[in-house]
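> Here is a sequence together with a model predicted from it:
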Amino acid sequence: MGLGMTAWLTSGRLRARRRLQLDFPERRRELVRQLAPGRSFVDVGGVWNTHGEIAFLAEAAGATSVTVFDAMGPTPEYEAEHERRSSSVRFVGGDLHDPAAVEAIGVHDVVWCTGVVYHSPSPFEQLEHLRRICAAQLFLGSHVIPEVPGIEQACIWYPGMSAGARRAFTRAHGGDRAPAALGVTRPFDAAQRYGNWWWGITPSALRAMTETAGFEITAQHDWTVFLTDLEARPR
């Protein structure tokens with residue numbers, strides 16, 4: 001199994017080599033500057049590892065109101081930047097699976113959500129909830145896996161992955177330089193709940209789930225073989 005996984009991942013990397021684009025952080029920031037002016041904006045999952053960066057950028061770009069939502073509380077870095085800017089960004093805490101939390105977020109013109117859905121055991125439920133709060137534009141960023149030849153919309157359930165398959169993913173993600181991803185390059189830890197990576201989702205599966213949740217895909221950005229962004233609008 002591990003050898004087959006290695007061959008598939010290596011083949012996916014070779015097929016994608018010509019389209020790798022590593023300037024995606026700045027490309028994302030430029031899109032925020034385009035989408036935010038004159039619109040309400042929410043960054044879902046916008047505290048973990050980014051400390052509200054996208055929300056503050058949207059506010060500076062001219063959004064009419066900005067909300068940042070996360071399952072974790074505001075970090076010291078977030079609070080310091082909020083104070084430094086005399087910011088009006090609103091923080092809402094909660095679980096995106098919880099309808100009450102979705103109600104607390106409210107409807108926004110632009111919904112920005114990166115690094116979230118693959119950390120959930122129920123990504124489609126999260127996409128349905130993103131649809132409930134999205135009035136005009138969704139930006140969805142996710143780690144993905146290479147397409148599986150001959151199988152459309154394939155996904156991998158990481159919690160049950162074998163040690164051999166995990167080693168193959170670790171090599172594909174850079175070996176000793178691979179990120180410490182629970183469930184992928186590190187053993188799954190049930191106690192960490194959403195700290196784990198639950199699903200390996202192919203780009204075709206991500207598109208299909210997003211469309212089924214009630215969105216129309218308007219653009220797709222495949223930054224690397226392991227990272228895809230979708231732009232979508234509600235149907």
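Received, thanks.
> contacting residues around the residue nearest to Ala168 when sequence neighbours are not counted?
Nearest residue to Ala168, sequence neighbours excluded (C-beta to C-beta, 6 or more residues apart in numbering): Met5, at 3.9 Å. No exception for glycine: its C-beta is placed from N, CA and C like everyone else's. For Met5, the contact set (C-beta atoms under 8 Å, 6 or more residues apart in numbering) comprises Gly164, Ala165, Ala168, Phe169.
> Give me the three-state assignment for Met5.
Look at Met5: counting by DSSP: H, G, I helix; E, B strand; the rest coil, its state is helix.
> sorry, back to before: could you dump the contacts of Met5 to TSV with pLDDT, neighbour count and secondary structure?
Listed next are the contacts of Met5 as TSV, based on pLDDT from 0 to 100; neighbours: other C-beta atoms under 10 Å; DSSP: H, G, I helix; E, B strand; the rest coil:
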residue	pLDDT	neighbour count	secondary structure
Gly164	91	13	helix
Ala165	91	20	helix
Ala168	90	22	helix
Phe169	89	24	helix
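> just those now: which is nearest Gln34?
Distance ranking of those against Gln34, using C-beta to C-beta, places Phe169 first at 34.3 Å.
> Touching, the closest one and Gly183? I think so.
No: using C-beta atoms under 8 Å, Phe169 makes no contact with Gly183, being 9.6 Å away.
> Find residues that contact each of these two.
The contact lists of Phe169 and Gly183 share Met161, where a contact means C-beta under 8 Å, 6+ apart.
> Helices along the chain, start to end?
Here the chain has its helices, by DSSP state H, at 2-16, 24-35, 53-61, 76-84, 99-105, 123-132, 163-172, 203-212.
> Packed most tightly, which of these would that be?
helix 53-61 (a mean of 22; mean count of other C-beta atoms under 10 Å).
> what angle do that one and helix 24-35 make?
40 degrees (axes from the mean of the first three to the mean of the last three C-alpha atoms, to 10 degrees).
> Low-confidence bits of the chain, can you list those?
1-3, 10-22 (pLDDT under 70).
> again, only using 90
For the chain, the stretches flagged by pLDDT under 90 are 1-24, 149, 160, 169, 171-180, 224-225.
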